[in-house]
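> Need a 3D model of the following:
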Amino acid sequence: MSASFTFEPPQFRTIVEPFRIRSVEPIHFTTPAERIAALEAAGHNPFLLRAEQVLIDLLTDSGTGAMSSRQWAGMIASDESYAGAASFYRFEAAVKDITGLKHVIPTHQGRAAEHILFAASLKPGMVVPSNTHFDTTRANVEVQGGEALDLVIAEGRQPQTIHPFKGNIDLDRLRETIETLGVEQIPFVMLTVTNNSGGGQPVSMANIRAASELAHSYGLPLILDACRFAENAWFIHEREEGYADKQPIEIAREMFSYADGCTMSAKKDGMANIGGFLALNDDDLALQCRNLEILTEGFPTYGGMAGYDLEAVAQGLYEALEPDYLRYRIRSIAYLGEKLTAAGIPIVQPTGGHALYIDARSMLPHIPVTQYPAWALNNALYVVGGVRGVEIGSIMFGMQPDGSEKPAAMELVRLAFPRRVYTQSHVDYLAEVAIAVYEQRERVPGYKIVWQAPTLRHFTVRMAPVG
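Next up, the predicted model:
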């Protein structure tokens, strides 16, 4: 049987979400005056806004996504037994199937996995080299008296430079670090996939493989911070030679095959609202970590997660690897990037996986780094259009362990997209807001710190506009 006519397949520009929406959550519209008052009451810190005061909430993609009907079905059928629940074994089987790692230790979220791993592995003065540590990872290293060392390639610190894998670790600097410090000062090498602090940029399979071989040549393990492993797998599929015909799950399995363990926030590519895990191959280290888990998280077959959370993650890990979903998700970010670039707005190029990053230092050159341009831009987006992003700059990363200040390598505003939540019309509106701010960018004021916490200050800092 043949088609009724022949045609050239058109290239459609409309992004069709690969799901139907059957449950909706209302969002609230506010006036500029109401948003100004709300921001002042929150100490000019968007973290301290009430969610109902935000129209488009891009603060984070962590735990903010919409779950599928299959996830909800699994949650309803969950086993809530304290020890040995069937839900744990389904969760464990999914993690082992995708990662191939031997020991699976559930945690309530990614930072708990980091805390357990670093508490079991680090001694004061040790150094953890990585492409780039994100905020909680860095804090968990430093609280143990260690140093979180970022070794991303040079292109990873150049927002407008085009490179397919700007999240890659600099292998020469990694080798130099190991040779200089000695293996006894390094518990393991870490790779964050994708590289959140650097613009959601991916790490190539070649770089993962080479980092693994280098670490192993010195007897050091390789640990993946794997919270966005599926997005990284898609970029490899799209950009790296030899992977165009491979499925994301195949690519993910190869990525993990080069690692000796991973930390995971399942609130990202686990497609769940809470949960995470630590997975390891080392028997002795896993035993230490399980003992710490009992002390801080819970029994090793639930680890701070309810049975229904375990079920949601077990299903979500596979859904995050579905090609149609990944194509839609990555294309949505690129679509926004194209609109902003056409308007002249400087962004991290190429667009990343889970978020778009605006280069605030370039967009607001009248604001000195000491007045936090990324913080200023983020607040302006909220005042103009009710959009909440997050600063990835000198408020987040400027305070050093000794209390001194050092400007961050980049001043970025991250607009992180919750999974399966917003549609193309939301993205179009977001572009209009960003362009409106850009057209009045000279009016955006700098900020100063009024009060700050000694650690992870960006969550609770109080600010005030300058001038």
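> so what's residue 259 scoring on pLDDT?
pLDDT recorded at residue 259 is 98.
> Tell me who's in contact with it.
Residue 259 sits next to 99, 101, 191, 208, 212, 222-224 when contact means C-beta atoms under 8 Å, 6 or more residues apart in numbering. Where you see a C-beta, it was placed from the backbone N, CA and C, and this is true even at glycine.
> Tell me which of the residues you listed fall in helices.
In this view, those that belong to helices under DSSP state H are 99, 208, 212.
> Return the closest of these with respect to residue 410.
Proximity of those to residue 410 was ranked by C-beta to C-beta; the top entry is residue 208 with 23.3 Å.
> Nearest spatial neighbour of that closest one, chain-adjacent residues omitted?
Once flanking residues are discounted, residue 208 sits nearest to residue 258: 5.3 Å by C-beta to C-beta, 6 or more residues apart in numbering.
> List the contacts of the one you found.
Here residue 258 is in contact with 208-209, 211-212, 222 (criterion: C-beta under 8 Å, 6+ apart).
> need the next SSE after the helix or strand harbouring residue 92, C-terminal direction.
Assigned by DSSP states H and E, residue 92 belongs to helix 86-99. The helix or strand immediately downstream of helix 86-99 is strand 103-107, counting by DSSP H and E.
> Would you mind listing the outside residues contacting that next one?
Counting by C-beta under 8 Å, 6+ apart, residues outside strand 103-107 touching it are 88, 91-92, 95-96, 113, 116, 275-283, 286, 289-290, 293, 297, 300-305, 310.
> from the chain's centre, how far out does it sit?
Its chain's average C-alpha position is 20 Å from that of strand 103-107, according to C-alpha atoms, centre = their mean, to the nearest Å.
> between it and helix 86-99, how many degrees?
Using axes from the mean of the first three to the mean of the last three C-alpha atoms, to 10 degrees, the inter-axis angle of strand 103-107 relative to helix 86-99 is 120 degrees.
> Show the subsequent helix or strand relative to strand 103-107.
Per DSSP H and E, the first helix or strand lying C-terminal to strand 103-107 is helix 110-121.
> Mind listing residues that contact the helix or strand that that next one is followed by?
With elements assigned by DSSP H and E, the helix or strand that comes after helix 110-121 is strand 127-130. By C-beta under 8 Å, 6+ apart, the residues outside strand 127-130 that reach it are 118, 122, 137, 141, 146-151, 169, 174, 177-178, 181, 185-192, 225.
> Go through stretch 252-268 and flag the buried ones.
252-256, 258-268 (16 or more other C-beta atoms under 10 Å).
> I'd like to know which elements the lengthiest helix in the chain is packed against.
In the chain, taking DSSP H as the definition, the longest helix is helix 323-342. Under the contact criterion of 3 or more C-beta pairs under 8 Å, 6 or more residues apart in numbering; DSSP states H and E, helix 323-342 touches helix 229-239, strand 355-359, helix 424-439.
> Could you identify which of these is most buried?
strand 355-359 (a mean of 27; mean count of other C-beta atoms under 10 Å).
> ok, residues contacting the helix or strand that that strand is followed by?
Downstream of strand 355-359, the next assigned helix or strand under DSSP H and E is helix 360-363. Helix 360-363 is contacted by residues 159-160, 345-346, 367, 369, 373-374, 376-378, 393, 410-413, 438, 441 when judged by C-beta under 8 Å, 6+ apart.
> roughly how far is the helix or strand that helix 360-363 is followed by from the heart of the chain?
Using DSSP H and E, the next helix or strand after helix 360-363 towards the C-terminus is helix 373-385. In terms of C-alpha atoms, centre = their mean, the gap separating the centre of helix 373-385 from the centre of its chain is 21 Å.
> Got the domain ranges for the protein?
According to automatic domain parsing, the chain comprises the domains 32-54+323-465, 69-319.
> list the contacts for residue 225?
For residue 225, the contact set (C-beta under 8 Å, 6+ apart) comprises 110, 114, 130, 133-134, 137, 190-193, 262-263.
> Brilliant, that's me finished.
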